[in-house]
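Colleague: Got a predicted structure here, sequence first:
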Amino acid sequence: MPILPFRDVMPRIDESAYVSPQATIVGDVEIGARTSIWPGAVIRGDEAPVRIGEESCIQDSVVIHAHNKDNPAVIGNRVVIGTASVLHGVYLGDLVTIGEGCVVFDGATLGEGVVLAPGAIVPANVVIPPRSVNSGAPAAQIRELSRDELEKAEHRAETISLVFQKLKKWQSVP
């Protein structure tokens, strides 16, 4: 897997994280415990830091980039970012779910428990309130997230983390 320094800063990846050999991680990037990074994902902390919390899942072909020092990319704990999504210099609270093919631009903030429907586009500097379901281009709130849905998101994050820990163990068996 390409894990590369940029300007003498090497990515820091918790030993319990799973990183696919086909992922690329560059520069000032921190990846938390029990987080998984899947094939084709590109995480670039070349111009600003990227911080990814614990038990998050960065799926196939996701791009996370922070190209403006005023807008680092900060991804919370137990976040799921769906396949082929692109995030530039964003703040995502805990338990955020990003559907497949979403684009989130510089300075956007998504509060705890936010759900973005597949294909949603969040313009620069937009703030999306916690525990809301959002869809469209530009993304707009369509409803609030129920307590039951938030609990299911927590359970899903726990399940994903356990599955990936088993995968990591299987990889280490000769």
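Modeller: Received the coordinates, thanks.

Colleague: Any regions of the protein where pLDDT drops low?
Modeller: Residues of the chain meeting the criterion pLDDT under 70: 1, 164-165, 167-174.

Colleague: can you do 90?
Modeller: Residues of the chain that meet the criterion pLDDT under 90 lie in 1-2, 66-71, 145-174.

Colleague: which strands and helices sit next to the longest strand anywhere in it?
Modeller: For the chain, the longest strand by residue count, based on DSSP state E, is strand 42-52. Using 3 or more CB pairs under 8 Å, 6 or more residues apart in numbering; DSSP states H and E as the contact test, the elements touching strand 42-52 are strand 24-31, strand 63-65, strand 73-75. Using the backbone N, CA and C atoms, a C-beta is placed for each residue, glycine as well.

Colleague: continuing past it, what's the next helix or strand?
Modeller: Toward the C-terminus, strand 42-52 is succeeded by strand 57-58 as the next helix or strand (DSSP states H and E).

Colleague: Against which helices or strands is that following strand packed?
Modeller: Contact here means 3+ CB pairs under 8 Å, 6+ apart; on that basis strand 57-58 packs against strand 36-37, strand 80-81, helix 147-172.

Colleague: what angle do the longest strand of the chain and strand 24-31 make?
Modeller: For strand 42-52 against strand 24-31, the angle by axes from the mean of the first three to the mean of the last three CA atoms, to 10 degrees is 0 degrees.

Colleague: Start at 29, not 1
Modeller: That works, and once the first residue is 29, the last one we named lands at strand 70-80.

Colleague: Can you pull out the residues in contact with strand 70-80?
Modeller: 34-35, 37, 39, 51-60, 63, 65, 86, 90-103, 107, 117 (CB atoms under 8 Å, 6 or more residues apart in numbering).

Colleague: Can I get it as CSV, trimmed to CA atoms?
Modeller: The C-alpha trace of strand 70-80 is given here as CSV (Å, rounded to 0.1, in the frame of the first residue of the first chain):
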residue,chain,number,x,y,z
VAL,A,70,-7.0,8.2,-1.5
ILE,A,71,-6.4,10.3,1.6
ARG,A,72,-4.1,13.3,1.1
GLY,A,73,-2.8,15.5,3.8
ASP,A,74,-0.5,17.4,1.6
GLU,A,75,-1.5,21.0,2.2
ALA,A,76,-3.5,20.6,5.4
PRO,A,77,-4.0,17.8,8.0
VAL,A,78,-6.5,15.0,7.7
ARG,A,79,-7.7,13.4,10.9
ILE,A,80,-9.9,10.3,10.9
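
Colleague: quick one: strands adjacent to it?
Modeller: Strand pairing for strand 70-80, determined by DSSP bridges: strand 52-59 (parallel), strand 91-93 (parallel), strand 101-103 (parallel).
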